[in-house]
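Undergrad: Need coordinates for the below:
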Amino acid sequence: MPFPQYGFALWLAASLFLLSCAPEADTTWRQVPEAEAGGWGMNVWAPTPDEVFVVGGRPERGAIMRELDGTWAPLPVPDGVGLVNWGFGFGDGEVVFVANGGTALRWDGASFTVQETPTTEDLWGVWGASPDDLWAVGGSGFAESEAVIVHWDGSAWTQVELPPLERDSRGLFKVWGTGADDVYAVGHLGLVLHWDGATWTELFVGASNDLVSLWGTGPDHIVIVGGRSNGSVSFWDGETWTTEILGPIPGLNGVWMRTPGVAHVAGTRGRILKVQVPSFEYEEAPVIDERPFHSIFGVGDRLIAVGGTIGVPFEPYEGLVYERGLAGDE
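TA: Next up, the predicted model:
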């Protein structure tokens, strides 16, 4: 039957032609100054391509910028809320943000509710498997602080007891997972904890410097980044953790993944990398700003990185927001 084969060949040739004619992503980074109001950029997150949140502010005053249908505007963060460090939601209009001083904020699409948590430690990260199963982590890493995990069960935040730790870690900086029984938290002095649905367990991934953030594409494909003087990348392939120091790259703060094997990473001194795992080969974008980036996130056909004069304890508290096009295979 030659006709079906001939028809398929025509369809395949036409498809390949259309793909070859599709415009390539513009990977030139450009600044988005309209998203930078309010101070440092600590995190960027988006439930949909039409709604993007950039959070941060000043140590004593938090700020949240939202892009809705292409227009950026500040959200009315309640008085008394300090620096907002992270956000996460489920695409239903509700987003949970965590901030300095143990503060949690719930945005319902129109207004904020401040939620009490059982800690006064600064909260740096939040992630959940569902709206009634959220984890937030915190602690500064300094001697007077402690690493904390708090859990939201749909009605209240409660503090969770950590397992006995073999390292004297004083902070957890981010939390992320693939499901209710597969959650990781990373932090001070290379601390990694894993939740299996019943118990938190300390893991050892071959890192001793601070681990700042993590992301993945599935239970067997997870990347953790950190380091201080030199950037550190750890990769989980489902059986083994492998860690590499990416000297002379300085410390790394943020990571995001969509395509297995490709990690988009942001760090200090304006560094933005595309790291291949498990080879740890990396491509470094031209330095577009010497100030540190703290978070990177992709949504739709856009890759967004945020940061600022983070770590400088005095005015001016400057924020950075940059974006570029994102190809489908990145």
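
Undergrad: which residues of the chain score low on pLDDT?
TA: 1-23 (pLDDT under 70).

Undergrad: Just give the closest residue to Gly325, not the sequence neighbours.
TA: Closest residue to Gly325 apart from its sequence neighbours, by C-beta to C-beta, 6 or more residues apart in numbering: Ala25 at 3.4 Å. Glycine gets a C-beta too; all of them are placed from N, C-alpha and C.

Undergrad: you'd agree that neighbour is up against Leu326?
TA: Yes: taking contacts as C-beta atoms under 8 Å, Ala25 lies within contact range of Leu326: 5.8 Å.

Undergrad: and for these two, which residues touch both?
TA: Common contact partners of Ala25 and Leu326 (C-beta atoms under 8 Å, 6 or more residues apart in numbering): Asp301.

Undergrad: Looking at the two, which has the bigger crowd around it?
TA: Leu326 (19 against 16; other C-beta atoms under 10 Å).

Undergrad: do you know how far the more buried one is from Arg61?
TA: 32 Å (C-beta to C-beta, to the nearest Å).

Undergrad: before we move on, what about Gly307?
TA: 18 Å.

Undergrad: what about those two, which has more around it?
TA: When Gly307 is set against Arg61 and neighbours are counted by other C-beta under 10 Å, the residue ahead is Gly307, at 29 against 17.

Undergrad: and Val183, bridged to which residues?
TA: Counting by DSSP bridges, Val183 forms beta bridges with Gly177, Trp195.

Undergrad: surely it meets Val192?
TA: No: using C-beta under 8 Å, Val183 is not in contact with Val192; the gap is 11.4 Å.

Undergrad: what number of residues lie near Tyr184?
TA: Tyr184 has 23 nearby residues by other C-beta under 10 Å.

Undergrad: now Phe53
TA: Neighbours around Phe53, by other C-beta under 10 Å: 24.

Undergrad: which neighbours does the strand or helix carrying it have in its sheet, and in what orientation?
TA: Assigned by DSSP states H and E, Phe53 falls within strand 51-58. Applying DSSP bridges, strand 51-58 is found paired with strand 40-48 (antiparallel), strand 61-68 (antiparallel).

Undergrad: So what's the gap between that strand and the chain middle?
TA: Strand 51-58 sits 12 Å away from the centroid of its parent chain (C-alpha atoms, centre = their mean, to the nearest Å).

Undergrad: Could you do stretch 77-97 as well?
TA: 14 Å.

Undergrad: Give me the distance between the two termini of that stretch.
TA: In stretch 77-97, first residue to last residue: 11 Å (C-alpha to C-alpha, to the nearest Å).

Undergrad: that older thread, please work out which of the strands paired with strand 51-58 is packed deepest.
TA: strand 40-48 (a mean of 24; mean count of other C-beta atoms under 10 Å).

Undergrad: my read: Gly218 touches Gly177, true?
TA: No: counting by C-beta under 8 Å, Gly218 stays clear of Gly177, with 11.0 Å between them.

Undergrad: Thank you, goodbye.
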